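Chemist: Need a 3D model of the following:
(one chain, ligands or ions: 2)
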Amino acid sequence: MSSYDVIVIGSGPGGYVAAIRCAQLGLKTACVEGRETLGGTCLNVGCIPSKALLHATHMLHEAEHNFDEMGLKGKAPSVDWKQMLTYKDKTIETNTKGIEFLFKKNKIDWLKGWGSIPEAGKVKVGDEVHEAKNIIIASGSEAASLPGVEVDEKTVVTSTGALELGKIPKKMVVIGAGVIGLELGSVYARLGTEITVVEFLDAITPGMDPEVQKTFQRMLKKQGINFVMGAAVQKTEVAKGKAKVSYKLRKDDSEHEIEADTVLVATGRKPVVKGMGLDDLGVKMTERGQIAVNEHWETSVKGVYAIGDVIEGPMLAHKAEDEGMAAAEVIAGKHGHVNYGVIPGVIYTHPEVASVGETEATLKEAGREYKVGKFSFMGNARAKAVFAGDGFVKLIADKETDRILGCHIIGPGAGDLIHEVCVAMEFGASAQDLAMTCHAHPTYSEAVREAALACGDGPIHM
Ligand code: FAD
Ligand code: NAI
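Modeler: Residues are numbered from 1 along each chain as shown. Ligands and ions are numbered 1, 2, ... in the order given. Reported below is the predicted structural model:
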């Protein structure tokens, strides 16, 4: 039996970051992970592999659609799917090995196996029980199931299966027009798969700014993705390696079917809470099955903390990381802090979609007066030069004080652009502060400044 100041259960972005910060703060730390490799969902079957495939297929798309125009002649590249998957796997490997290196560097013990908490202050891994003054649960999430839909990870797959299909399907039905459905749907659409996205609601990416939703859907349609909106999937049936998806249109209850080689179920994820003995330990849960925590990420059991996808809030790697650092700091007697009002969300399609803070809808609901500064990438020279003039930046500021309240971007590099707004929001900046900041020309960032100018006397290039 070993004794630790902190044992972290799970080595995803929440867990590994918490472990590293604990070690940096002088706490003797171990991290339990049952997978073969460190890094959790994000590095093994989430953020990283999906971005590798998005990158490779975006290159293909550029070659097929834009090279000719730029005077780059010749045949577009052909796809070696096996090699593309090898590239994706290598990307995973370098990243997961990177975490292993960081663990060694910070003298964090990796306790290999699945962990449970037989009592407060103890973590069991295999037959061994270790002592821990503090425990951080960072067990993450898994794909949620859908009634009537049986996942076999071959024909009917979750994102995990979709990242390693044996061959590129001819036809794919994606259930759910959320982040996973649209990112992975984009990957296969670019590879020539006929994609139909079946979505329960009437708009894609729920919760996002409605103008962004509409523009985004229009752009995806232009890329060849078909949408069936307002449709509740009833069941899937698989016969001879082919699938049939049955759905009902909500507007008239009419029943329909689509056939596909592959069905991707992307209807949300649920926290992983089973097998850790949480019930017996008396850990309180939320109504939605997440671990309930207080403002210090401590559960109802003293000395047991929880962070990341397993607690409430957006299921995002960077949110988990921030909570990991903050919980470590609380345990070390410092002041851990996460500003939940400034957590960006990014969809890594082409173009990218990014947002932070309030939307017009949330502000209207709160009865708060606001103003909107909008700027189209059509007025941005750099964007036009790279065929990315479609899209816009929408900055929202308080009507009276001019303080920035939110930002929604669809366009080139949106996932990076959003961060200047995040920093501005953290510093309580006004739209005028952003508008008065010199932005290099020609950059996509100028569109953010122009949106800020649009909150005041008006943009220059529109
Ligand atoms: P996880 O990353 O889920 O890690 C939890 C780890 O705990 C797992 O490795 C698991 O094996 C381990 N574990 C669980 N129980 C035990 C136990 N009892 N004992 C030992 N180990 C245990 N987010 C973004 O911000 N950007 C993206 O681009 C993005 N892309 C994504 C793409 C896909 C396809 C998916 C599925 C998700 C994506 N996400 C993305 C979401 C992101 O992966 C999660 O928000 C993030 O991984 C959550 O981190 P976590 O540390 O809470 O949990
Ligand atoms: P999601 O919550 O983003 O979207 C699920 C979609 O499925 C919703 O639009 C919902 O209305 C729809 N849906 C639900 N039931 C349905 C039904 N029966 N029939 C048709 N449609 C139905 O979930 P998703 O895409 O699975 O992603 C899970 C999590 O992973 C998200 O919370 C996201 O934050 C995270 N993630 C983040 C990424 C990023 O940051 N770029 C990338 C991928 C995942």
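Chemist: buried stuff in stretch 136-156?
Modeler: Within stretch 136-156, the residues that count as buried by 16 or more other Cβ atoms under 10 Å are 136-143, 146, 149, 151, 155-156. Just so you know, the C-beta spots here come from the backbone N, C-alpha and C atoms, and that holds for glycine as well.
Chemist: do the same with stretch 333-348
Modeler: 336, 338, 342-348.
Chemist: Check what contacts that stretch and list those residues.
Modeler: Residues outside stretch 333-348 that contact it (Cβ atoms under 8 Å, 6 or more residues apart in numbering) are 25, 50-51, 54, 179, 182-183, 205, 216, 296-297, 313-314, 316, 318-319, 322-323, 325-330, 352-357, 414-415, 418-419, 422, 425-426.
Chemist: Going through the residues you listed, which ones are buried?
Modeler: 25, 50, 54, 179, 182-183, 205, 216, 297, 316, 318-319, 322-323, 325-330, 352-357, 414-415, 418, 422, 425.
Chemist: Spatially nearest residue to Asp309 (excluding sequence neighbours)?
Modeler: Ser141 (3.7 Å; Cβ to Cβ, 6 or more residues apart in numbering).
Chemist: tell me, what residue is most central in this protein?
Modeler: Leu316 (4.8 Å; Cα atoms, centre = their mean).
Chemist: pLDDT score assigned to it?
Modeler: Per-residue pLDDT puts Leu316 at 98.
Chemist: Next: the one 5 residues further on.
Modeler: The model reports Glu321 with a pLDDT of 98.
Chemist: and it, how many neighbours?
Modeler: 23 (other Cβ atoms under 10 Å).
Chemist: Show me the subset of the contacts of stretch 333-348 that also lies near ligand 2.
Modeler: 179, 183, 314, 316 (Cβ under 6 Å from any ligand atom).
Chemist: Ala18 is in contact with Ile307, correct?
Modeler: Yes - using Cβ atoms under 8 Å, Ile307 is in contact with Ala18, at 6.3 Å.
Chemist: Could you report the neighbour count for the residue in the chain positioned nearest to ligand 2?
Modeler: Nearest residue of the chain to ligand 2, counting by Cβ to the nearest ligand atom: Gly178, 1.8 Å away. Neighbours of Gly178 under the rule other Cβ under 10 Å: 21.
Chemist: Pretty sure it sits against Met208.
Modeler: No - contact between Gly178 and Met208 fails when scored by Cβ under 8 Å: they sit 10.0 Å apart.
Chemist: The residue nearest to Asp309: what's it in contact with?
Modeler: Contacts of Ser141 (Cβ under 8 Å, 6+ apart): 41, 269-272, 309-310, 315.
Chemist: Among those, which ones lie close to ligand 2?
Modeler: Near ligand 2, by the rule Cβ under 6 Å from any ligand atom, you find 269, 315 out of the contacts of Ser141.
Chemist: Of the contacts of Ser141, which is the most crowded?
Modeler: Counting neighbours by other Cβ under 10 Å, Asp309 leads the contacts of Ser141 with 30 neighbours.
Chemist: That one - that's part of a helix, no?
Modeler: Yes - under DSSP: H, G, I helix; E, B strand; the rest coil, Asp309 sits within a helix.
Chemist: what about it, distance to Gly289?
Modeler: As judged by Cβ to Cβ, to the nearest Å, Asp309 and Gly289 stand 12 Å apart.
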